[in-house]
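Peer 1: What shape does this take:
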Amino acid sequence: MSYRKLWISLAIVFIASFAVLGYYGGRLIYSEPPIPNKVVTTDGTVLYTKEDIETGQNVWQSIGGQELGSVWGHGAYVAPDWTADWLHNESLWMLNSWAVKDFGKKYSSLNAESKAALKERLKNEVRKNTYDKKTGIITISPLRAQAAANVSKYYASLFTDDPKFDKLRNDYAMPKNVIKDQSRLSSFMSFLWWATWATETNRPGDDITYTNNWPNEELVGNTANGDIVVWSVVSFVILLAGVGGLAWYYATQKHNEANETFPERDPLLGLSPTPSMKATQKYFWVVAALWLVQVLLGAITGHYSVEGSGFYGIPLDKWLPYSLTRSWHTQLGVLWIATAWLATGLYMGPAVSGYEPKFQRFFVNFLFVCLIIIVAGSMIGQWFAVQQKLGHTANFWFGHQGYEYTDTGRFWQIFLTIGLFLWLFLMLRSIMPAFKNLKESKHLLALFLLASAAIPVFYIPALLWGQHSNLAIAEYWRWWVVHLWVEGFFEVFATVVMAFLFTRMGLLGLRTATSSVLFSTIIFLFGGIIGTFHHLYFSGTAPGVIAYGAAFSALEVVPLVFIGFEAYENLTRSRAKPWVKAYKWPIFFFVAVAFWNLVGAGLFGFFINPPISLYYMQGLNTTPVHGHAALFGVYGMLGIGLMLFCLRGLTVKREWKTGALSFAFWTINIGLALMILISLLPIGLMQTWASVQHGMWYARSAEFMSQSIVHLFVWLRIIGDTIFALGALALTWFILGLKTGWSLTNNRLDYDNAPKSNNKDI
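Peer 2: Numbering: from 1, shown residues only. Okay, the predicted model is just below:
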């Protein structure tokens, strides 16, 4: 069978998509909100300098950055979005100042006509772009400077230890003295002023702001423009077309399927694990340990929503504040999933080729030690950063970078990059001999190696912003890592590995697997690469990003459903073969992947992805609905499924006791569903209503989030979290039992009568 057309299509998609992504990345130089040399008033008073703003950004990063509230809608959900909050407070202060001066009473007491006149004056004041490109100076009125000073005074009290703000700090899960040094506090205000200026100031020669009119703020005329509405409608049409096209493809393929036969005995039973394959077992122990720690940190982080100063009376915020527990929670989520997939790759190399390179076990163990150092070192560095014990440069290199999912210091990022390339080297040296013995399988192997190479290569963007990079530039590269690395090429890698597993088991034909993987990779990357833009609608990028992001992110729903559905079909058709029961629960986790891909990445993802949806929902609890269902539901379930397949191979001669595994599967899935449906989703929907009716500032305010109904839904999360945690404990107990023996029976599998492993049948 010729796969030439599929390979050509994949190359075209890859080149064209990255051309578009790169083009708009280049345009950021011209579209990003400029950091001025100075901000001065019309009477010549200097308010802020470029150094103040850049230093303030470093201060923001050191206190947790996007892990304590959010900026431009990206970050945590308990504290406010600081730009939306600053914008509303500044606007109200100016309106009240004019109202008292012109009418002798507060703005809220005026009639509609007077309010409209003052709002028009405010729009003329704040939306006019006074940045002088030649001098690099922004000029504002003395009144606007007074408004900034008033808001700065309020934040200075909030971020230090003013007792009047104790309750508000508790609502925002902020300990006292988040920023301990007065000079740092002053610089921090400079950064927040600049970030807010970008949300209210029109681009040169345009009538939309640098953040495409986000956040929605009626007082300054920030409303959804035509691009946001029109391209949202287009995205719905494209989604329907994509689903229809996929359905048509499935229909045509089913008619072309040949009658398949399945082996009478387990083809993997004759596999003898090599020393390096056995060495991967410790990776899976660490996966289980990191997952348990992440679950614990998630419980603590969630509890901060109702008790912001501690944990059931324990003043935990003094040692582990919300910004730190959330940093570790999100970071460990990526790390344990990535570790599971990396270990799977190390296991699969010798399993596929039948070749154990010299010193392979040593390098696998060496890489393991490196990963432990990276995890521990980065977490310790973040603790010192949030406690304000590091200077700005030391914080950048060893502490907290403040960008969600890429929080680790630059030294640890470089260390991880080197480790990933070492992993790729180990993969190549173990699997390359397979090309000499295989014919049809070479296409699947080639895709496997390309996906493996993409993992270290596409982590490199984490190194492409600097200590003083414009926030828009940092956000652009950050989403390369979060979207393209985590959501993109790791998914392609996992899809190829799944195909290998099913072909080796004889449950999926080689030709079907190869064409399916190539096709699904093309479909995913066609939407997924340019679909990165849906994270960047309101992050200082050019307006064209909205069009591309809306159109292509609509196509991101389909890829994993394909292989997941294929796995489920093969499981159904092969139930007559008793030996498949040994793989029931690993395969069930792949079936769960297909379900959560449809629900989490598909339904909940598309729920927030269209520009008009994200305009009102960005930074609300609708985002963690998608995040939990997609990140854990798809990638976490994949990691667990792949891990169990590898562990099955490492204990191939013994039957498993699957009671704990069965319990873990159902409680993990039920707990995740309850966590979303009875807590996160209701809160997110209530916030969305508040955002549409009143503005983003209100949907994220303490006034809204401290309502008893919101706290009720937060407490209800305990139900799902507890069930989920029990599943995590059960799975960890089972994995540990594979080493100690309590997860194994005394029954030995029928090894002698099993067919011998043959690499040509991969």
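Peer 1: and stretch 245-255, what's its mean pLDDT?
Peer 2: For stretch 245-255, the mean pLDDT works out to 68.
Peer 1: do stretch 489-509 as well
Peer 2: Averaging the model's pLDDT scores along stretch 489-509 yields 76.
Peer 1: before we move on, what about stretch 18-38?
Peer 2: Per-residue pLDDT values over stretch 18-38 give a mean of 92.
Peer 1: Contacts for it next, please.
Peer 2: Outside of stretch 18-38, the residues within contact range by CB atoms under 8 Å, 6 or more residues apart in numbering are 46, 48-50, 53-54, 131, 133, 135-138, 194, 197-198, 201, 203, 210-211, 470-473, 476, 529-530, 532-533, 540-542, 544-545, 548. Quick note: C-beta positions are derived from backbone N, CA and C, even for glycine.
Peer 1: List the buried residues of that stretch.
Peer 2: Applying a neighbour-count criterion of 16 or more other CB atoms under 10 Å, the buried positions in stretch 18-38 are 20-21, 24-25, 28, 31-38.
Peer 1: Now go through these and say which are in helices.
Peer 2: 20-21, 24-25, 28, 31 (DSSP state H).
Peer 1: what's the helix or strand containing Val375 packed up against?
Peer 2: Per DSSP states H and E, Val375 falls inside helix 360-386. Judged by 3 or more CB pairs under 8 Å, 6 or more residues apart in numbering; DSSP states H and E, the packing partners of helix 360-386 are helix 275-279, helix 281-303, helix 322-353, helix 392-398, helix 410-431.
Peer 1: what comes up buried for the helix or strand that comes right after the last one?
Peer 2: Downstream of helix 410-431, the next assigned helix or strand under DSSP H and E is helix 434-437. Applying a neighbour-count criterion of 16+ other CB under 10 Å, one finds Ala434 buried in helix 434-437.
Peer 1: Output helix 434-437 in CSV with nothing but the alpha carbons.
Peer 2: Output in CSV follows, covering the C-alpha atoms of helix 434-437 (Å, rounded to 0.1, in the frame of the first residue of the first chain):
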residue,chain,number,x,y,z
ALA,A,434,14.0,-2.0,13.3
PHE,A,435,14.2,-0.2,9.9
LYS,A,436,16.5,-2.9,8.6
ASN,A,437,14.1,-5.7,9.3
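Peer 1: right, and the helix or strand after it?
Peer 2: Sequence-wise, the next helix or strand beyond helix 434-437 is helix 442-457, with elements assigned using DSSP H and E.
Peer 1: Averaged pLDDT, that next one. What do you get?
Peer 2: Across helix 442-457, pLDDT averages out at 86.
Peer 1: What's the local residue count around Ile238?
Peer 2: Here the number of neighbours of Ile238 (other CB atoms under 10 Å) works out to 18.
Peer 1: pretty sure it is touching Ala551, no?
Peer 2: Yes. The pair formed by Ile238 and Ala551 meets the contact definition of CB atoms under 8 Å, at 5.6 Å.
Peer 1: What is the burial count for His694?
Peer 2: His694 has 16 nearby residues by other CB under 10 Å.
Peer 1: Same question for Glu655.
Peer 2: Applying other CB under 10 Å, we find 14 other residues in the vicinity of Glu655.
Peer 1: just Leu240 next, same as before
Peer 2: For Leu240, the number of neighbouring residues by other CB under 10 Å comes to 11.
Peer 1: Over to the one 5 residues further on?
Peer 2: Gly245 is flanked by 13 other residues according to other CB under 10 Å.
Peer 1: cool, and the one 4 residues further on?
Peer 2: Here the count is done by other CB under 10 Å, and Tyr249 has 14 residues near it.
Peer 1: Distance check, it against Gly619.
Peer 2: As defined by CB to CB, to the nearest Å, Tyr249 lies at a distance of 37 Å from Gly619.
Peer 1: pretty sure His329 is touching Ala299, no?
Peer 2: No. Because the distance of 9.3 Å does not satisfy CB under 8 Å, His329 is recorded as not touching Ala299.
Peer 1: just for the stretch 451-600 of the chain, where's the confidence low?
Peer 2: For the stretch 451-600 of the chain, applying pLDDT under 70 flags the ranges 486-487, 508, 557-577.
Peer 1: ranges for the helices of it?
Peer 2: Taking DSSP state H, counting those that start in this stretch, the helices of the stretch 451-600 of the chain run over residues 471-479, 490-504, 510-528, 544-553, 559-573, 584-596.
Peer 1: go on, the stretch 1-150 of the chain?
Peer 2: So, for the stretch 1-150 of the chain - with DSSP H, counting those that start in this stretch - the helices run 4-31, 50-62, 82-103, 112-126, 142-159.
Peer 1: returning to what we had before: out of the helices and strands packed on helix 360-386, which is closest to Ser708?
Peer 2: When the helices and strands packed on helix 360-386 are compared by CB to CB, helix 281-303 sits nearest Ser708, at 16.8 Å.
Peer 1: and stretch 171-183, which residues are buried?
Peer 2: Going by neighbour count (16+ other CB under 10 Å), the buried part of stretch 171-183 is 171-176, 178-179.
Peer 1: same question, stretch 589-596
Peer 2: Within stretch 589-596, the residues scored as buried using 16+ other CB under 10 Å are 589-596.
Peer 1: Kindly reformat these as a markdown table and extend each row with distance to Ala451.
Peer 2: Supplementary listing: the buried residues of stretch 589-596 in a markdown table, determined by distance: CB to CB, whole Å:
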| residue | distance to Ala451 |
| --- | --- |
| Phe589 | 20 |
| Phe590 | 17 |
| Val591 | 22 |
| Ala592 | 22 |
| Val593 | 17 |
| Ala594 | 19 |
| Phe595 | 23 |
| Trp596 | 21 |
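Peer 1: among the helices of the stretch 1-150 of the chain, which is the most enclosed?
Peer 2: Per-residue neighbour counts averaged over each of these give the maximum for helix 50-62, namely a mean of 22 (mean count of other CB atoms under 10 Å).
Peer 1: Excluding chain neighbours, what is closest to Leu744?
Peer 2: Arg654 (4.4 Å; CB to CB, 6 or more residues apart in numbering).
Peer 1: Same check on Leu501?
Peer 2: Nearest residue to Leu501 in three dimensions, chain neighbours excluded: Phe645, at 5.5 Å (CB to CB, 6+ apart).
Peer 1: The one you found belongs to a helix?
Peer 2: Yes. Checked against DSSP: H, G, I helix; E, B strand; the rest coil, Phe645 lies within a helix.
Peer 1: for it, what are its contacts?
Peer 2: Going by CB under 8 Å, 6+ apart, Phe645 touches 344, 501, 583, 586.
Peer 1: same question, Ala494
Peer 2: Remark: with contacts taken as CB under 8 Å, 6+ apart, Ala494 is in contact with 341, 635, 638, 642.
Peer 1: Just put those residues in TSV and tack on secondary structure, pLDDT and neighbour count.
Peer 2: Compiled in TSV, the contacts of Ala494 are given as follows (DSSP: H, G, I helix; E, B strand; the rest coil; pLDDT from 0 to 100; neighbours: other CB atoms under 10 Å):
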residue	secondary structure	pLDDT	neighbour count
Trp341	helix	86	22
Tyr635	helix	87	27
Leu638	helix	87	30
Leu642	helix	90	27
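Peer 1: For the helix or strand where Trp193 lies, buried residues please.
Peer 2: Trp193 belongs to helix 182-200 when assigned by DSSP H and E. Within helix 182-200, the residues that qualify as buried by neighbour count (16+ other CB under 10 Å) are 184-200.
Peer 1: Please look at Trp485 and Ile455 and confirm they touch.
Peer 2: Yes. With the criterion set as CB under 8 Å, Trp485 and Ile455 qualify as a contacting pair; they are 7.3 Å apart.
Peer 1: got the contact list for stretch 87-103?
Peer 2: Outside stretch 87-103, the residues touching it (CB under 8 Å, 6+ apart) are 105-107, 109-110, 114, 118-119, 121-122, 125-126, 143-144, 146-148, 150-151, 154, 196, 199-200, 215, 217, 219-220, 222, 695, 697.
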